[in-house]
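Peer 1: starting from these lines, generate the structure:
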Amino acid sequence: EIYTLSLHDALPICGMGKVYRGRQLPLERSVAVKVLGSSSGLDAAYRRRFLLEASVCASLTHPNIVVVYDYGETSDGVLFMAMELLPGRRLSQVVIEDGPMSVARGAFVALQVARALREAHRQGVAHRDLKPGNVFLTTASDDGADHVKVFDFGLAKVFEGAPERRDMDLTMDGVMMGSPRYMSPEQIRGEEVDARADVYAFGAMLYMLLCGRPPFLGENSIDVLAAHIQLEPPTCGGTCGTWPLRRTDSPGAASAGAPLSRKGGEQTLPVDGPADPRAEADPREPRRGFRRSEEHTSELQSRISSR
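Peer 2: Residues are numbered from 1 along each chain as shown. Okay, here's the model as predicted:
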């Protein structure tokens, strides 16, 4: 046992440390518990990264961000973090197993991710490792609709707020941190990173949802990283022709190469949208937050091709 946490079977989740299904006593609440072995044998950077993730997640309160109930360190140096236990799958697993999402479902999922990022950015936190593998899709709600939970803030950068939290930032000279398929050009070049890096990753993730593959592929990570810097954001072919989001117009808009081309946080991220993609709208009226794609296909294509 870890304090008031009783651990059971391990969960098939990759990443830093191990994750177990557990129960928080005496509340009898089912939880997922991330555990990092004895701190005496841990690299200092891993220890700081774990504590940063726990601190950031515990301070962010939003329906689309995973809830952290407790975190700390045992008497024998084991670091732990107790989070809500969610039924469902990672977004990466959903796309691999089910294929690309429809525009309606992809937009519905993306809007929830955008709202989670907006809250983090409002609190002065950039995720820096947004990707489908760090987004959980659950259908735990009564109506069976997709519900998003963003997690794994282990590479988060605190760019505003208390100095003690900024001191926990894990940026290190000469060390590139993040996932190559979703990293922004400035992150790859080792430049200063803020909320706009998340906007870029959001666009790249959105491309993955709609097209079933990342925007840039290569024989190795170096090829992928170079493509992010040197190439224009690709389109999804026919899918982009029906893209209906009002604020970003296309995945490529969020993934503009230059940071100054991407506004930070809620100004660019599409936080308005339909309550549920399964709901049928009056075909004569566009839904709130959307534009009728048949009226704007040529406009969107011209904007995308001009970038």
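Peer 1: which strands and helices lie in contact with the lengthiest helix in the chain?
Peer 2: When the chain is parsed with DSSP state H, its longest helix is helix 103-122. Contacts defined by 3 or more CB pairs under 8 Å, 6 or more residues apart in numbering; DSSP states H and E place helix 103-122 against strand 147-150, helix 195-211. Using the backbone N, CA and C atoms, a C-beta is placed for each residue, glycine as well.
Peer 1: hey, which of these is tucked in deepest?
Peer 2: Each of the helices and strands packed on helix 103-122 was scored by mean neighbour count; the highest is helix 195-211, a mean of 27, by mean count of other CB atoms under 10 Å.
Peer 1: got the angle between the helix or strand following it and helix 195-211?
Peer 2: The helix or strand immediately downstream of helix 195-211 is helix 221-230, counting by DSSP states H and E. For helix 221-230 against helix 195-211, the angle by axes from the mean of the first three to the mean of the last three CA atoms, to 10 degrees is 110 degrees.
Peer 1: shaky segments in the stretch 151-300 of the chain?
Peer 2: 160-176, 237-300 (pLDDT under 70).
Peer 1: swap the cut-off to 90 and go again
Peer 2: 151-179, 190-194, 232-300 (pLDDT under 90).
Peer 1: helix, strand or coil for F136?
Peer 2: Following DSSP: H, G, I helix; E, B strand; the rest coil, the label given to F136 is strand.
Peer 1: would a markdown table of the helices and strands packed on helix 103-122 with distance to R181 be doable?
Peer 2: A markdown table is the format used below for the helices and strands packed on helix 103-122 (distance: least, CB to CB, whole Å):
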| stretch | distance to R181 |
| --- | --- |
| strand 147-150 | 17 |
| helix 195-211 | 7 |
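Peer 1: excluding residues flanking it in the chain, which one is nearest H228?
Peer 2: The spatial neighbour of H228 that comes closest, neighbours along the chain excluded (CB to CB, 6 or more residues apart in numbering), is P185 at 5.4 Å.
Peer 1: could you measure from that neighbour over to D194?
Peer 2: From P185 over to D194 the distance is 13 Å, taken as CB to CB, to the nearest Å.
Peer 1: list the buried ones in the strand ranked longest in the chain?
Peer 2: Longest strand in the chain by number of residues (criterion: DSSP state E): strand 29-38. Going by neighbour count (16 or more other CB atoms under 10 Å), the buried part of strand 29-38 is 31-36.
Peer 1: quick one: mean pLDDT over it.
Peer 2: Strand 29-38 comes out with an average pLDDT of 84.
Peer 1: what packs against that strand?
Peer 2: Checked by 3+ CB pairs under 8 Å, 6+ apart, strand 29-38 has strand 5-10, strand 18-24, helix 44-59, strand 78-84 packed alongside it.
Peer 1: which strands and helices sit next to the longest one?
Peer 2: This means helix 44-59. strand 29-38, strand 68-73, strand 78-84.
Peer 1: with distance to E119 added, can I get the ones you listed in a markdown table?
Peer 2: What follows is the helices and strands packed on helix 44-59, written out as a markdown table (distance: least, CB to CB, whole Å):
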| stretch | distance to E119 |
| --- | --- |
| strand 29-38 | 21 |
| strand 68-73 | 14 |
| strand 78-84 | 16 |
